[in-house]
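1. pasting the sequence and the predicted coordinates here, then a few questions.
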Amino acid sequence: MSEGASVSVHMNSDDRIPAYFLCHGAGPWPWVPEMRDWHAQMAAGLRDIPRQLRRTPRAVLLISAHWEEPVFTVQSAAQPGMLYDYGGFPPHTYSLHYRSPGAPELASRVLQLLAHSGIQARADAQRGYDHGMFAPMAVIYPQADVPVLQLSLRSDLNAAEHLALGRALAPLRDEGVLIIGSGSSYHNMRTFGPIGRAPSKLFDDWLAETLMQVTPAERSQRLADWHAAPGARMAHPREEHLLPLMVVVGAAEQEMARRVYFEEAFMDSATVSSYCLQPESER
């Protein structure tokens, strides 16, 4: 069955694909040996995702912290190129490739769902894969054999609107699509090091409580008002690395989260976490 032929096939809710919010790490770290040591725990968490899923998704819809547009924008190329959106790394990291196919028919389905929800969106046939996609995906699926479609953030960075985006995308999880929000639970480049330990833990504790302990309705409200959380603006002076989480929670709004990666001294500094949201029957 072709990808396009399968978009209308709805699975039993027990087979609903989980949704993930993942910390994607620093730049092109999987291709830099000295950086792989710093990311060892993160890499172990990423490598375990195929086992957790127990099946291969039809495609991955990935929302990266490293793509912002005035309106939500989806890749539509059959084979997106590479976007080396980082600086100061070894020369070979500017010619690496992660050659997963794109998913243009899924892009059309995404635009259809967003239009149905009254959310303005457009397609971009030129935009390549950024490191928020290819760094974690090269660890999760190193053979690059699963189609990946990137979807942008909206540049107003409104948390409630990104929750609404996730709600509109929720049907994809019953159509074999894995939704990944790729960012970080802590992203303050000025406070990496000892100064970041206390504020990152403060915010991470709040995030864990919000995702795993409160009711779904309260969780969505807390996330919409995330800037009022303890340590919020120290953890995220600018919220683009947190907003992929809003999309994931919107797409799994009635499902509780479990933590799939936790590290208290990432790069000898920050407390960081990644989460999976899935039906109780899948746990």
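-> Okay, I see it. Residues are numbered from 1 along each chain as shown.
2. how far does stretch 144-163 sit from the chain's center?
-> 8 Å (C-alpha atoms, centre = their mean, to the nearest Å).
3. let me fix that: stretch 15-35
-> So, by C-alpha atoms, centre = their mean, the centroid of stretch 15-35 is 9 Å from its chain's centroid.
4. in it, what counts as buried?
-> Applying a neighbour-count criterion of 16 or more other C-beta atoms under 10 Å, one finds 16-32, 35 buried in stretch 15-35. C-beta here means a position set from N, CA and C on the backbone, and glycine is covered the same way.
5. next structured bit after the helix or strand of the chain with the lowest mean pLDDT?
-> Every helix and strand of the chain was ranked by mean pLDDT, DSSP states H and E. The lowest is helix 232-235, at a mean of 89. As assigned by DSSP states H and E, the chain's next helix or strand after helix 232-235 is helix 243-251.
6. what's next to that next one, contact-wise?
-> Defining contact as C-beta atoms under 8 Å, 6 or more residues apart in numbering, one finds that helix 243-251 is touched by 19-21, 63-65, 151, 153, 157, 159, 162-170, 172-173, 179-183, 185, 211, 219-220, 223-224, 257, 275, 277.
7. which among the residues you listed count as buried?
-> 19-21, 63-65, 151, 153, 159, 162-170, 172-173, 179-183, 185, 211, 219-220, 223-224, 257, 275, 277.
8. sitting in strands, which of these do you find?
-> Under the assignment DSSP state E, the buried ones among the contacts of helix 243-251 contribute 19-21, 63-65, 151, 153, 179-183, 257, 275, 277 to strands.
9. any low-confidence regions in the protein?
-> 1-14, 189-196, 281-283 (pLDDT under 70).
10. now do the helices in it.
-> Per DSSP state H, the chain has helices spanning 33-38, 40-47, 49-53, 104-116, 131-140, 159-169, 197-212, 216-224, 232-235, 243-251. These are given in chain order.
11. tell me the buried residues in the third one?
-> When neighbours are counted by 16+ other C-beta under 10 Å, the buried residues of helix 49-53 are found to be I49, L53.
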